[in-house]
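Colleague: predicted coordinates and the sequence they were generated for:
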Amino acid sequence: MNIDLRTALPMLLPSAIMWAEARANGVAQSGNQLNENEISIARTVGVMRPELIRIAFVDRLPLPEDPQLRAAALQTGLLGPRMVGLTLGCSVFICHGHDSIRLLYHEFRHVYQYEQFGSIAGFLPVYLQQIVEVGYANASFEIDAMAHEIK
C-alpha cells in the first residue's frame, strides 16, 4: 500500500499520537531504569530529566496495528526491519543485540527533543512533517540526533 503522505498526515496524526502514547506508557511502566553511565549519556546530550527515561529491549520495534498507519510508518522508513531503535517521549525501544553507546546517544537526543516540545503530541507532528517533506535521513531531528552520536 503506497500512501500520499502529504495528504494523509493530517488524518493519520491523531492515531499516530495515540499509538505512540500507548506504547510509551507501556515502557514507562515496565521498562528498565537507566544506570549511572546511561544517565551520564542522557545528560551529555541535554536531557533535563534522565531519571524519567525507561528502556525496553525488544525482538523488534513495535508497529501500529492500523493498516494505514503501519503502511505510512514503513513507507517513511520510520519503522521497519532495518530500524533498531525508537524513542517515544521518555520511552526508548532497543532491539536485542543492537544496544550500543552510539545508539543510546542517538535515542537519548530524541528524548531531549521530546522534552523541548513538552510531549509526544507536541513533538510528533513536527517530526513527522519533517520526514514527509525531506525524508527520514534528511529530517533535522534525525540530523541533530546523528550529530550527537559518539562514534
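Modeller: Happy to help now that I have it.
Colleague: could you use CA atoms for every contact and neighbour count after this?
Modeller: Fine.
Colleague: how about the helices in this protein?
Modeller: 5-30, 36-44, 67-76, 101-117, 120-134, 140-147 (DSSP state H).
Colleague: make a markdown table out of those and add distance to Val84.
Modeller: Shown next, in a markdown table, are these (distance: least, CA to CA, whole Å):
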| stretch | distance to Val84 |
| --- | --- |
| helix 5-30 | 16 |
| helix 36-44 | 18 |
| helix 67-76 | 14 |
| helix 101-117 | 9 |
| helix 120-134 | 18 |
| helix 140-147 | 14 |
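Colleague: mean neighbour count and distance to Leu88 added to these, as JSON lines?
Modeller: Shown next, in JSON lines, are the helices of the chain (neighbours: other CA atoms under 10 Å; distance: least, CA to CA, whole Å):
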{"stretch": "helix 5-30", "mean neighbour count": "16", "distance to Leu88": "6"}
{"stretch": "helix 36-44", "mean neighbour count": "17", "distance to Leu88": "15"}
{"stretch": "helix 67-76", "mean neighbour count": "18", "distance to Leu88": "14"}
{"stretch": "helix 101-117", "mean neighbour count": "22", "distance to Leu88": "8"}
{"stretch": "helix 120-134", "mean neighbour count": "17", "distance to Leu88": "7"}
{"stretch": "helix 140-147", "mean neighbour count": "17", "distance to Leu88": "13"}
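Colleague: ranking those helices by mean pLDDT, which is last?
Modeller: Among the helices of the chain, helix 67-76 carries the lowest mean pLDDT, a mean of 92.
Colleague: buried residues in stretch 56-69?
Modeller: Neighbour counts using 16 or more other CA atoms under 10 Å place Ala56, Phe57, Arg60, Leu61, Leu63, Pro64, Gln68, Leu69 of stretch 56-69 among the buried residues.
Colleague: distance from stretch 94-110 to the middle of the chain?
Modeller: Remark: stretch 94-110 is offset 11 Å from the chain centroid, using CA atoms, centre = their mean, to the nearest Å.
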